[in-house]
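>>> sequence first, predicted model second:
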Amino acid sequence: MQAIRSILVVVNPDQPDGLALKRAKLIASVTQSHLHLLACEKRGDFSARLEELAASLREEGYSCSCRQAWQDSLQTTIIAEQQAEGCGLVVKEHIPDNPLKKALLTPDDWKLLRYCPTPVLLVKSAHPWAGRAILAAIDVGNGDAEHLALHASIVSNAYDIAGLTHGQLHVISAHPSPMLSAADPTFQLSETIEARYREACRAFQAEYGVDDEHLHIEEGPADVLIPREAQNLDAAVTVIGTVARTGFSGALIGNTAEVVLDALESDVLVLKPDEIIAHLEELAAKV
C-alpha cells in the first residue's frame, strides 16, 4: 500500500465527490499518491465538470489529473486507463446488481476483479475507516509458493491499512471439516486441523504482531465465514486474494472473492499474485 504512487479513481460525474474519491483521498493523504479521476461515460461531455473537481483537489494539496473515456465496456475502459496512466490501485464504488440480472449476466465488478492487473478497492460503505477492524482473509490450507506469496501480500496490505486508520488487524482462515477417511490423521479431527492451520500462521503472526485473539481459524466454507466474521468485527475493510489458474482462455478469479463481494458489508480490497498480474498485463497490452 505504501508503494502506491498513482491511484485511478472511477468517478460518477453526477456525484463527483462520491465514496470512491473519499477513500482515494484518505489513501493519497498518507502515501502522497497522484489521483487520476476517470469518468467512464460515452454519452455527453463531462470534461469541464471533471476539471473543476480536479482543480478543487489541487487546491486541497492533492496531485490530480482527470479524463473522460469509454471503450467497449466498463472494465475495458478502466483497465486501458490504468495501463496508460501506470496506476497502482483502482478505487471504485460497488453498486450491487439485482439478483435476476446477476443470474443472467456477469456483473461488471466481477469482470473488473477478474481482469484488472492491479489491486482493486471496491467501496461499499460510507462509514469512516478510523479505529475499526481490518480483516485479512487467507487460505493457509494451500502452502504452495504462489499462495504463500499471496498470503504475505494480503496480510502486509491489511497491516498497512490498519496503520493508516489506527485500526486493529484481524486475520481469518477457514478450514475444512474433518474426514474420517483422510489418509493424514491431522484431517480426521477438527482440533488437529485447527492446530495445523494455526501453526501455519505463526510466521506472519510474529512479523505483524497478530496475537491469537486476532487470529480466527474456523471450520466451514470461506464464502460464509468471511462475511460473518467481518460483520462480527464491524470490519472497515476486508482484504482478500485470488489465485487465477493458467491454461484457460483468460484469467479467472477464484469464486470466493466474487461470492463474498455482495455478502460483505465492508469495503473490499482484492489482490492477485505477481504471476497472474503479469499474465493480465499481457492480455491488457493486446486489447
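Everything's here; your move.
>>> for stretch 264-282, the distance to its chain's centre please.
Taking the mean of its C-alpha atoms, stretch 264-282 sits 7 Å from the chain's own mean (CA atoms, centre = their mean, to the nearest Å).
>>> now do the helices in this structure.
19-31, 47-59, 74-85, 99-104, 108-115, 145-165, 190-200, 202-208, 222-233, 255-263, 274-286 (DSSP state H).
>>> quick one: list the elements packing against the second one.
Right, helix 47-59. Applying 3 or more CB pairs under 8 Å, 6 or more residues apart in numbering; DSSP states H and E, we find helix 47-59 packed against strand 34-40, strand 64-69. C-betas here are computed from N, CA, C, even on glycine.
>>> just name the most buried of those strands.
Among the helices and strands packed on helix 47-59, strand 34-40 has the highest mean neighbour count (mean count of other CB atoms under 10 Å), at a mean of 23.
>>> how far off centre is that strand?
From the chain centre to the centre of strand 34-40 is a distance of 18 Å (CA atoms, centre = their mean).
>>> how big is the angle separating that strand from strand 64-69?
Following axes from the mean of the first three to the mean of the last three CA atoms, to 10 degrees, one obtains 20 degrees for the angle between strand 34-40 and strand 64-69.
>>> just the CA atoms of strand 34-40, as CSV, please.
Extracted as CSV, the C-alpha positions of strand 34-40 are listed here (Å, rounded to 0.1, in the frame of the first residue of the first chain):
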residue,chain,number,x,y,z
HIS,A,34,-1.3,11.1,-7.5
LEU,A,35,-5.1,10.9,-8.1
HIS,A,36,-6.3,10.2,-11.6
LEU,A,37,-10.0,10.7,-12.0
LEU,A,38,-11.8,8.6,-14.6
ALA,A,39,-15.4,9.1,-15.8
CYS,A,40,-16.5,6.1,-17.8
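>>> parallel or antiparallel, list what pairs with it.
Strand pairing for strand 34-40, determined by DSSP bridges: strand 6-10 (parallel), strand 64-69 (parallel).
>>> quick check: angle from it to helix 47-59?
Angle of strand 34-40 versus helix 47-59, following the same axes, to 10 degrees, is 160 degrees.
>>> tell me the mean pLDDT over strand 34-40?
Averaged across strand 34-40, the pLDDT comes to 96.
>>> same check on stretch 268-276?
On average, stretch 268-276 scores 83.
>>> now do stretch 134-150
In the prediction, stretch 134-150 has an average pLDDT of 85.
>>> and what of stretch 199-212?
So the average pLDDT for stretch 199-212 ends up being 89.
>>> neighbouring contacts of it?
140, 143, 151-152, 155-156, 159, 169-171, 173, 198, 215, 217 (CB atoms under 8 Å, 6 or more residues apart in numbering).
>>> now the residues you listed in TSV, with distance to Ile240?
Output for the contacts of stretch 199-212, formatted as TSV (distance: CB to CB, whole Å):
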residue	distance to Ile240
Val140	14
Gly143	18
His151	11
Ala152	14
Val155	12
Ser156	14
Tyr159	15
Leu169	14
His170	13
Val171	12
Ser173	11
Arg198	20
Leu215	16
Ile217	16
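>>> Glu219 is in contact with Ser173, isn't it?
No - counting by CB atoms under 8 Å, Glu219 does not reach Ser173; the two are 10.7 Å apart.
>>> with neighbour numbers in mind, choose between those two.
Taking neighbours as other CB atoms under 10 Å, Glu219 and Ser173 compare with Ser173 leading, 23 against 14.
>>> do I have it right that that one meets Asp139?
Yes - counting by CB under 8 Å, Ser173 touches Asp139, with 6.2 Å between them.
>>> let me know which of the strands paired with strand 34-40 is the nearest to Val239.
In terms of CB to CB, the element of the strands paired with strand 34-40 nearest to Val239 is strand 6-10, at 16.4 Å.
>>> output that closest one as PDB, nothing but the C-alphas.
Output of strand 6-10 as PDB, limited to C-alpha atoms (Å, rounded to 0.1, in the frame of the first residue of the first chain):
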ATOM      1  CA  SER A   6      -0.800   6.700  -8.500                       C
ATOM      2  CA  ILE A   7      -4.500   5.900  -7.900                       C
ATOM      3  CA  LEU A   8      -7.200   5.600 -10.500                       C
ATOM      4  CA  VAL A   9     -10.500   6.700  -9.100                       C
ATOM      5  CA  VAL A  10     -13.600   5.800 -11.000                       C
END
